[in-house]
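Chemist: What follows is a predicted structure for the sequence shown.
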Amino acid sequence: MESFLPGPVQNPLMISPHMSDGQGYNSSIPGLYAHQTPTKGSPHPSSGLYNYSGSQNVSPLSNYQGPGQTLNRPPMGPVSMVPLQQGSLPQMPPPSQTSAAVSTSAGSVLPGANLPALSNWQYGQALVSQPTTGSQENHFAHIAGTTSTQPLSSSGNTNPPTSYQYVASPGGPPVQNSYMKPPLGPPPTGCPTSARPFATPAGLPISSAPPHLLNSAMKQEGTTQSPPVPPNSKMGRSVGYSYPTLPPGYQNTSSPGAPGMQSPSLQCTGGPQPFPQPAFGTNHLAASMGGLSLQPEGLRTINLLQERNILPPAPLQAPVPNLHEDIQKLNCNPELFRCTLTNIPQTQALLNKAKLPLGLLLHPFKDLSQLPVVTSSTIVRCRSCRTYINPFVSFLDQRRWKCNLCYRVNDVPEEFMYNPVTRVYGEPHKRPEVQNATIEFMAPSEYMVSYLQLTWFITFDSTIHFYSLQEGLSQPQMLIVSDIEDVFIPMPENLLVNLNENKELIQDLLRTLPQMFTKSLETQSALGPALQAAFKLMSPTGGRITVFQTQLPSVGVGALKSREEPNQKASAKDIHLTPSTDFYKKLALDCSGQQVAVDLFLLSGQYSDLASLGCISRYSAGSVYYYQSYHHRHNPVLVEKLQKELKRYLTRKIGFEAVMRIRCTKGLSIHTFHGNFFVRSTDLLSLPNINPDAGYAVQMSVEESLTDMQVVSFQSALLYTSSKGERRIRVHTMCLPVVTTLNDVYLGADVHAITGLLANMAVDRSVSASLSDARDALVNAVIDSLSAYRASVLSIQQPGLMAPYSLRLFPLHVLALLKQKAFQTGTNTRLDERIFTMCQVKNQPLVYLMLMTHPNLYRVDNLTDEGALNIGDRKIPQPPILQLSVEKLSRDGAYLMDAGSVMLMWIGKNCGHNFISQVLGVPSYASVPQNMTHLAELDTAESVRTIAFISWLREQRPFFPILYIIRDESSLKSSFLQNMIEDRTESALSYYEFLLHIQQQVNK
Ligand SMILES: [Zn+2]
């Protein structure tokens, strides 16, 4: 049973790795493919399977698809087979030579969500965001596979057929914090990464019965829902009701500061435990008297015109929801799941009054250094709404639990009565499922399918080249298909090869490829036909297609024309943010239907119409990488960036055949989704691939008032197949209090989450209306909320611009958005670059979006160990964050601006000699090289500190920020100054001017 410790994920090499075996689950469409392998690995009869209400029934694996499937269509048409010898082949243009300009379309996934062309948002409006599905429904319908419907009756086996294993999060470098709260700003501080607090006690019987439980879970995350069962009306809607006959004294087992780890649970406690859960109610009410009792500072009203030093010196932390301590310590880490308003307004009317957007921001597949994984025959879910049991349900007694989303009372399954962690019977509330807001369910190991990675390669210019890597060949064989109007696949059985078994041939090909085309005079790019070919190759199994593109596609289907105006001064009009063809979107939807995601690496020095190309990734849940000005010789720092990011891409965790559903407490309604995916049914996101670096956002409204509710909950469930072939479900649950006053709504505002959601909405608005419309809407969001605060909360009208403490950074962040590449006007922003930034807004987790929008500025010429983090044997200095204004710069100093994907270190003219010699390693300011992008490791304390700090910042990201070291005279200084958000620029207001503008509008 040790098999759940996943090794490093070995993602395939370039073009298109996919797993054959692992993809087999239920994804096939019976009869569609000629060589479908019969079902393998059928589970044992369900000896330990119980049928009871509320549990997730398990169904056997079905439809295993083996490798080696071929397409029905026989090869025909012109095929020429050429042995791979250098110089004798048709040639492809060398990698693009200069700077590129591309970016991904960042429109909402639902451009159909036609926002009204108003310049402000109506947050409460429920936008139905169903993209046109076309023929996709059919494909999707087959994902779920078979589900056996089990009778809902209790059966009485008392063996504990469950095992738990806490394992380190599979794959991926341990980039981030453990998910312990409170999050300490950036990253990890030497937490052990392999703690297994829930290790199975020796001798614990381990489940051998249950079959592939997750199939039916998938079904449930799919389009079907069990018919709603009327909730027990007598139960009312209160949450957290304590079971009255048991004495108080229930203690959560989590250790402080480590929710989710629950190490004390290792202790075996004999005998029954006191039962009641902490009551949400009374304590919560007490705590909320007068607002956030825990944060007196939060009660302040701030005059923004007077208080200029509002930027905190350390990264801003998410507000802590005002819940009883026992509940809050179980709550989900805000890095994974957070809400724009941590105090949920009771009614839509109250929400409307606040003029703030209500929505969720998710980073659901984030790399975690510790993740509780439960392998169980039974996944307990609400019979009515399919919510997974979680820390915020209430136990009415040992045998009944009440759903925190729909309030149905469910039976506790017999199996769930036993807690294998403590080996105690009768404490279902102590099971890990009820102790962890983030948890992963996994099918028992015996149901893993054997795992095989298949890889293939295609190159293309005006023709398409396939590569036979068949075993026994002494070298790869190239097959050229010149008919790009109707592409077929020559000898598909020889193209798909096992990565490990054919390593030498593959390495041979990769070594040979660069030379093969060096003498080519070809300048055409048949990207569309090549993608069609890739889709045909992949569709039997699903998987991932990785595309490297260096120019505008020019021939065949999907060919594009340049739409970029030279010297476009972003007049906010006539900017081509929408795709010029629906070819890429349609193909992406076909891919999505076959569980194929397409990731795009655009390495280009010229306009490549990312607005059109990006659709291939956006709708197939892929990723877009863009290297503007890429050149393999002339721009070595971008080459390094590509190498680092490609390595991360190939080695990061990947989930296949994923779907995600977000549920929330009855009364709340989700209506618009942001991110890269396809919306399958109203609220089911189809994600052929899920990766740990993707973020998502959703908008919500209050459909029915939340009367009598003290708390509401949100739950995301992500079902996927791991690269080892396991079916897993990762569940995050968050609980938030409901409030009835406007003041409380403002007190709980999460300004980063609000800014992030508004940025997503502004991308949609830019695409559906115009850039200027989106900009107006952003400004109006500030004006409207501060006006409402002034009119409805402040009892005394004071001069100035008053803001609740929670929103003190709101105008600054919105100004930063207006100056960001996605939304700025009046400057020369390359169109592809703008669209790429919009894509990042849509697809990045909130933390990176905020860094990209409002960079962190540090003085670095005087770093000390005072307050440094200790990570392993490293000391990481923690200099304070400075306001983004030249006022904060001194010519005596050196400053690091961390803008997420790029870092700029500005060296002042009079910077101390010590820093210049001990850190930069040059004798004087004048000898600092013009294009310096690396800091050499010197044997000085100053060098060690500086490099430790920069490395630490970089380690926390899935991408590789380039470091530019610039002198005052450098041409890059303008980039540095453009990020000085608080200062006036040629085309944009200073922060103070912006505040005056807001004040004028608020006081109208
Ligand atoms: Zn329910």
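Modeler: It's in. What you see is a predicted model, and the numbers here were worked out from it, not measured in a lab.
Chemist: Let me know whether residue 695 touches residue 673 as I believe.
Modeler: No. If you go by CB atoms under 8 Å, residue 695 and residue 673 don't touch, sitting 11.9 Å apart. For glycine as for every other residue, the C-beta is placed from the backbone atoms N, C-alpha and C.
Chemist: Within range of the ion, give me the residues from this protein.
Modeler: 382, 384, 385, 387, 403, 405, 406, 408 (CB under 5 Å from the ion).
Chemist: Out of those residues, which is nearest to residue 657?
Modeler: Lowest distance from residue 657 to the residues of the chain next to the ion (CB to CB) belongs to residue 387, with 22.2 Å.
Chemist: excluding its backbone neighbours, what's nearest that closest one?
Modeler: Leaving aside its sequence neighbours, residue 387 sits nearest to residue 405 (CB to CB, 6 or more residues apart in numbering; 4.5 Å).
Chemist: Right, and the ion sits closest to which residue of the stretch 901-1004 of the chain?
Modeler: residue 958 (34.8 Å; CB to the ion).
Chemist: ok now do that residue, which residues does it touch?
Modeler: When contacts are counted by CB atoms under 8 Å, 6 or more residues apart in numbering, residue 958 touches 175, 645, 648, 652, 692, 693.
Chemist: Name the residues of the lengthiest helix in the chain that are buried.
Modeler: Longest helix of the chain, by residue count under DSSP state H: helix 771-792. Using 16 or more other CB atoms under 10 Å as the test for burial, helix 771-792 gives 771-790.
Chemist: What of stretch 756-765?
Modeler: 756, 757, 758, 759, 760, 761, 762, 763, 764, 765.
Chemist: can I get these in a markdown table with secondary structure and pLDDT?
Modeler: A markdown table is the format used below for the buried residues of stretch 756-765 (DSSP: H, G, I helix; E, B strand; the rest coil; pLDDT from 0 to 100):
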| residue | secondary structure | pLDDT |
| --- | --- | --- |
| 756 | helix | 98 |
| 757 | helix | 98 |
| 758 | helix | 98 |
| 759 | helix | 98 |
| 760 | helix | 98 |
| 761 | helix | 98 |
| 762 | helix | 98 |
| 763 | helix | 97 |
| 764 | helix | 96 |
| 765 | helix | 96 |
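Chemist: Show me the beta-bridge partners of residue 337.
Modeler: For residue 337, the beta-bridge partners are residue 362 (DSSP bridges).
Chemist: what's the answer for residue 966, then?
Modeler: residue 906.
Chemist: That one and residue 933 touch, don't they?
Modeler: No. Checked against CB under 8 Å, the pair residue 966 and residue 933 is beyond contact range at 10.1 Å.
Chemist: So which of these two has more stuff around it?
Modeler: Per other CB atoms under 10 Å, whichever of residue 966 and residue 933 has more neighbours is residue 966, with 21 against 14.
Chemist: separation between residue 641 and residue 454?
Modeler: To residue 454, residue 641 is 29 Å away according to CB to CB, to the nearest Å.
Chemist: Settle it for me: which of those two has more neighbours?
Modeler: Per other CB under 10 Å, whichever of residue 641 and residue 454 has more neighbours is residue 454, with 24 against 20.
Chemist: could you give me the average pLDDT of the helix or strand containing the more buried one?
Modeler: In this assignment (DSSP states H and E), residue 454 forms part of strand 453-455. Strand 453-455 shows a mean pLDDT of 86.
Chemist: For stretch 465-472, give the distance from the opening residue to the closing one.
Modeler: Stretch 465-472 has its terminal residues 20 Å apart, counting by CA to CA, to the nearest Å.
Chemist: just checking, residue 536 touches residue 486?
Modeler: No. Counting by CB under 8 Å, residue 536 stays clear of residue 486, with 11.3 Å between them.
Chemist: quick one: contacts for residue 338?
Modeler: 318, 360, 361, 734, 750, 753, 846.
Chemist: contacting residues for the fourth one?
Modeler: What that stands for is residue 734. Contacts of residue 734 by CB under 8 Å, 6+ apart are 331, 332, 337, 338, 339, 437, 713, 714, 715.
Chemist: pLDDT score for the fourth one?
Modeler: At residue 338, the predicted lDDT confidence score is 97.
Chemist: Look up how far residue 361 lies from it.
Modeler: Using CB to CB, we find residue 338 at a distance of 5 Å from residue 361.
Chemist: The stretch 651-800 of the chain: strands as residue ranges?
Modeler: Along the stretch 651-800 of the chain, counting by DSSP state E, counting those that start in this stretch, strands occupy 655-664, 668-674, 678-681, 684-690, 696-702, 711-722, 727-739.
Chemist: quick one: strands adjacent to the fourth one?
Modeler: Its sheet considered, strand 684-690 pairs with strand 655-664 (antiparallel), strand 678-681 (antiparallel) by DSSP bridges.
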